[in-house]
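> model this:
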Amino acid sequence: QVQLVESGGQLVQAGGSLRVACAVSGRTVGIGGMGWFRQAPGKEREFIAAISWSGSTTAYADSVKGRFTISRDNANNTVYLQMNSLKPEDTASYYCAARLRRATWSPSNPHDYNYWGQGTQVTVSS
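Residues are numbered from 1 along each chain as shown. This next block holds a predicted model:
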């Protein structure tokens, strides 16, 4: 089994920056791409960013492109999401997700991921 634990969520002011992390533990052999999603109250879960196992390929939602950066440290089994120029509409619970390595990958499709964390709350005040 694989466990994902997010951390780093907090209250920040608009225009500020924040980095959230996702620690991966357990049976990590075979883990491939990883992603970040978010969900605000009353809204559907939304794709934010994804990164391949090697880190050479990344994908971002248009709403965060140029502001957020995803990275991973495979030696420490951790994935990061650096968030800059935060806006009140970025307020949500942020979830980390991991998928087993397969031939094809749809980074923005939540059904393409096998494991999920419990989420960390990011609140951006205006």
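> beta partners for residue 19?
Bridge pairing for residue 19 (DSSP bridges) gives the partners residue 82.
> how much space between it and residue 32?
23 Å (C-beta to C-beta, to the nearest Å). Using the backbone N, CA and C atoms, a C-beta is placed for each residue, glycine as well.
> burial measure for the closest residue to residue 16 other than its chain neighbours, as a count.
Leaving aside its sequence neighbours, residue 16 sits nearest to residue 86 (C-beta to C-beta, 6 or more residues apart in numbering; 5.4 Å). Counted with other C-beta atoms under 10 Å, residues neighbouring residue 86 total 22.
> same check on residue 123?
Around residue 123 there are 15 residues (other C-beta under 10 Å).
> can you pull the contacts of the closest residue to it other than its chain neighbours?
Leaving out its chain neighbours, the residue that sits closest to residue 123 by C-beta to C-beta, 6+ apart is residue 11, at 4.6 Å. With contact taken as C-beta atoms under 8 Å, 6 or more residues apart in numbering, residue 11 is in contact with 123-125.
> which stretches in this protein count as strands?
Under the criterion DSSP state E, the chain carries strands at the ranges 2-7, 11-13, 18-26, 31-39, 46-51, 58-60, 68-73, 78-83, 92-100, 115-116, 120-125.
> give the contact list for the residue most central in space within the chain.
Ranked by distance to the mean C-alpha position of the chain (C-alpha atoms, centre = their mean), the top residue is residue 36 at 2.0 Å. Contact partners of residue 36, counting by C-beta under 8 Å, 6+ apart, are 20, 22, 48-50, 70, 79, 81, 94-97.
> can you put these in TSV and add distance to residue 61 and pLDDT?
Converted to TSV, the contacts of residue 36 look like this (distance: C-beta to C-beta, whole Å; pLDDT from 0 to 100):
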residue	distance to residue 61	pLDDT
20	16	98
22	17	98
48	5	98
49	7	98
50	10	97
70	11	98
79	16	97
81	12	98
94	13	98
95	14	98
96	15	98
97	14	98
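> now those residues in CSV, with neighbour count and distance to residue 41?
Below are the contacts of residue 36 laid out as CSV (neighbours: other C-beta atoms under 10 Å; distance: C-beta to C-beta, whole Å):
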residue, neighbour count, distance to residue 41
20, 21, 18
22, 26, 22
48, 23, 17
49, 25, 21
50, 26, 24
70, 21, 24
79, 28, 25
81, 26, 20
94, 23, 14
95, 23, 14
96, 28, 19
97, 23, 20
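> lovely, talk soon.
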